[in-house]
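Peer 1: need a 3D model of the sequence below.
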Amino acid sequence: MNISSFKAGKAAQQYKYKSFEPNIVNVPWQVDNIELIMLLSQASIKLGELNAFSLLIPDVDFFIKMHVLKEGTKSSRIEGTQTNIDEAIQKEEYIQPEKKDDWQEVQNYVQAMNKAIESLAKLPLSKRLLKETHKTLLQGVRSTHKLPGEFRQSQNWIGGNSLSDAVFIPPHLDQVNDLMADLEAFLHNENIPVPALIKLGIAHYQFETIYPFLDGNGRIGRLLITLYLVSNQLPHKPTLYLSDFFEKHKSLYYDNLTRVRTHNDLLQWLKFFLEGVRSTSESSIQTFRSIIKLRSDAEHKIISLGKKQALAKSFLNYLYKIPITDAGEVATALQVNTSTALRLIEDFIRLEILIEVTGFKRNRVFAFDNYVKLFR
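Peer 2: Predicted coordinates:
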């Protein structure tokens, strides 16, 4: 199958509507477009640079948590939630009641991502893993009635109020399991000589076309990208997340996916996808450079704390994982009493590492704001 001559599928008559019947993807592929090859080269080079950064930075796992939180926030915003990164970091008790559902959806995304990455140590990227991830994603939120952890058992659609005026109707439910089995086989077929990033772009398109769940397909499809990269160690640490790029170019993201189905234009989608990998890798590299400088500046500042320096270093490492916090959380994390935690916080405010964000005299919340800014 040449990329440029790809045929997406056909309309299939159902009772009173036509669904889209996609062609299978676990077939031989050939990259036959020079522009796509050039974009692939550029994206691969930038991804390699990002991989080098992730391997060279000490304690890089401190910073990965913030990347995952940003991914959860951005991927959920594509679906209409309003939670921002500052809110996503905070404890539920600090979230306004009307925002708690959105906040919980982001937390579910982060939990689903972390559990799925851990599961890759014992499970391949598969239908089973995606179902387990979907179950975590939808737990305790507005879509709990939409079969968490199970493929859909009824027809769904995108856009419009019903099947009669839908913008897109995915394949009939009877096809979902076979199409997902084909997609799983494609992801693991080492006899298909197609570059990993091209394969991933095709896989994301195919997943979003199958639309196998009643809800959460967009988020699971974007999680699929990260899980494929991690399972193939591209890069070695989970540091590349594309939802920020997709959210910034939301119309193009949806338009290019749709155009594959309406015009068989897989080439344009893959160009967009590879530009996302290149651009996001470059942005992530810059974020890591900024983290290195910020870390150096902060460590230089805490030298002035003398005997408190060891405790301050532990506090600084804690802030890389929890950059918006309160005295109680700090005391628990560092295993000190609250008064010691408060004195340490005051030291960090004086050193301009922390700021107080509530303006209250009690129940105060503090932010490592220069660090959070890197992820806004």
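Peer 1: residue nearest the centroid of this structure?
Peer 2: Closest residue to the average C-alpha location of the chain: residue 71 at 3.7 Å, with CA atoms, centre = their mean.
Peer 1: how close does the closest residue to residue 129 other than its chain neighbours sit to residue 184?
Peer 2: Using CB to CB, 6 or more residues apart in numbering and skipping the chain neighbours, the partner closest in space to residue 129 is residue 123 (5.0 Å). Any C-beta I mention is one placed from the backbone N, CA and C, and that applies to glycine too. Distance, residue 123 to residue 184, by CB to CB, to the nearest Å: 12 Å.
Peer 1: where are the low-confidence patches of the chain?
Peer 2: 143-144 (pLDDT under 70).
Peer 1: need the strands for it, in chain order.
Peer 2: In the chain, the strands defined using DSSP state E lie at 9-14, 17-22, 324-325, 355-356, 366-367.
Peer 1: partner strands of the last one and their direction?
Peer 2: Strand partners for strand 366-367, identified by DSSP bridges, are recorded as strand 324-325 (antiparallel), strand 355-356 (antiparallel).
Peer 1: about what we covered before: check the gap between the nearest residue to the residue nearest to the centre of the chain once chain neighbours are set aside and residue 354 for me.
Peer 2: Once flanking residues are discounted, residue 71 sits nearest to residue 241: 3.7 Å by CB to CB, 6+ apart. Note on residue 241: its distance to residue 354, by CB to CB, is 27 Å.
Peer 1: do residue 233 as well
Peer 2: Taken as CB to CB, the span from residue 233 to residue 354 is 36 Å.
Peer 1: neighbour count for these two, which is higher?
Peer 2: residue 354 (24 against 10; other CB atoms under 10 Å).
Peer 1: isn't the more buried one right next to residue 345, touching?
Peer 2: Yes: between residue 354 and residue 345 there is a contact under CB atoms under 8 Å: 6.3 Å.
Peer 1: what's the overlap in contacts for these two?
Peer 2: Counting by CB atoms under 8 Å, 6 or more residues apart in numbering, the shared contacts of residue 354 and residue 345 are residue 366.
Peer 1: domains for this structure, by residue range?
Peer 2: 3-287, 294-375 (automatic domain parsing).
Peer 1: quick check: which of the ones you listed is buried the most?
Peer 2: Of the domains of the chain, the one with the most neighbours on average (mean count of other CB atoms under 10 Å) is domain 3-287, at a mean of 18.
Peer 1: span of that one from start to end?
Peer 2: Length of domain 3-287, first residue to last, CA to CA, to the nearest Å: 34 Å.
Peer 1: same thing with stretch 320-340?
Peer 2: Note: stretch 320-340 ends 20 Å apart using CA to CA.
Peer 1: how far is it from where the chain is centred?
Peer 2: The chain centroid and the centroid of stretch 320-340 are separated by 28 Å under CA atoms, centre = their mean, to the nearest Å.
Peer 1: can you tell me what sits against that stretch?
Peer 2: For stretch 320-340, using CB under 8 Å, 6+ apart, the contacting residues are 59, 62-63, 65-66, 86, 89-91, 295, 311, 314-315, 318-319, 341-342, 344-345, 357, 363-369, 371-372.
Peer 1: go again using 6 Å as the cut-off
Peer 2: 62, 65, 89-90, 314, 318, 341-342, 365-368, 371-372 (CB atoms under 6 Å, 6 or more residues apart in numbering).
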